[in-house]
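# okay, predicted coordinates and the sequence, questions at the end:
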Amino acid sequence: MQDALGAECILGSFGAITALPGAEDQHVHRDHPFLFQDETIDTAMPAYAINVIIPLVGMDAGHGTTRVWPGSHRVWSEDKAKQLPSEDPVAPVGSCIIIDYRLLHAGTGNRSHQVRPILYVAFHRPWFKDYYREWFTGLITERRFTRP
Ligand SMILES: O=C(O)CCC(=O)C(=O)O
């Protein structure tokens, strides 16, 4: 991780995501909007954050996996990036999938009768603060604690 993000990289966030049996394909997304909103800079710069996806059951065509579009972190237009060939990695327990925050990806549907939990662990360069994820997880927390 230090080779990719520098010796001062930090553990920025972690959490769990569960795809229930019957869950459909997730929307295709990047983990964060492009940082500088400048095509030249955002597609040329080295990684500023990396997500490590850790399967707690095997990720495959049955349970579903994290579909990735290799190279899409260097393509500004999401429509164009989606035209790149995608890959559905088979990731057994004990392995992990490592993706640049800019990479297009999407959890695929869970066609099995088992839940598919994954852990994610995000590492950052020390100057990056993931306000986007804080906003997102804040919404979940808020909803959980304000419901009657
Ligand atoms: O469920 C998955 O396989 C991936 C989920 C994910 O990457 C996300 O929610 O950002």
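That came through, no problem.
# how many residues are close by the residue of the chain found nearest the ligand?
Residue of the chain nearest the ligand, by Cβ to the nearest ligand atom: residue 107 (2.7 Å). Where you see a C-beta, it was placed from the backbone N, CA and C, and this is true even at glycine. A count of nearby residues for residue 107, using other Cβ atoms under 10 Å, gives 21.
# try residue 132
By other Cβ under 10 Å, 12 other residues sit near residue 132.
# please shift the residue numbers so they start at 22 in all later answers.
In the new numbering, first residue 22, that becomes residue 153.
# for residue 130, which residues are in contact?
Residue 130 is in contact with 40, 43, 44, 45, 46, 85, counting by Cβ atoms under 8 Å, 6 or more residues apart in numbering.
# okay if I get those as JSON lines plus neighbour count?
Formatted as JSON lines, these follow (neighbours: other Cβ atoms under 10 Å):
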{"residue": "40", "neighbour count": "24"}
{"residue": "43", "neighbour count": "10"}
{"residue": "44", "neighbour count": "17"}
{"residue": "45", "neighbour count": "12"}
{"residue": "46", "neighbour count": "13"}
{"residue": "85", "neighbour count": "25"}
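# which of those residues are close to the ligand?
residue 40 (Cβ under 6 Å from any ligand atom).
# residue 134: which of the contacts of residue 130 is nearest?
residue 43 (8.9 Å; Cβ to Cβ).
# and the closest one, helix, strand or coil?
Three-state call for residue 43 (DSSP: H, G, I helix; E, B strand; the rest coil): coil.
# who's in contact with it?
130, 131, 132.
# same question for residue 113.
76, 79, 80.
# where exactly do the helices run in this structure?
Along the chain, the segments classed as helices by DSSP state H run 23-26, 60-65, 99-103, 152-167.
# quick check: pLDDT value at the residue most central in space within the chain.
Centroid-nearest residue in the chain, with Cα atoms, centre = their mean: residue 52, separated by 5.2 Å. For residue 52, the model assigns a pLDDT of 95.
# ok, now residue 166?
pLDDT at residue 166 comes out at 41.
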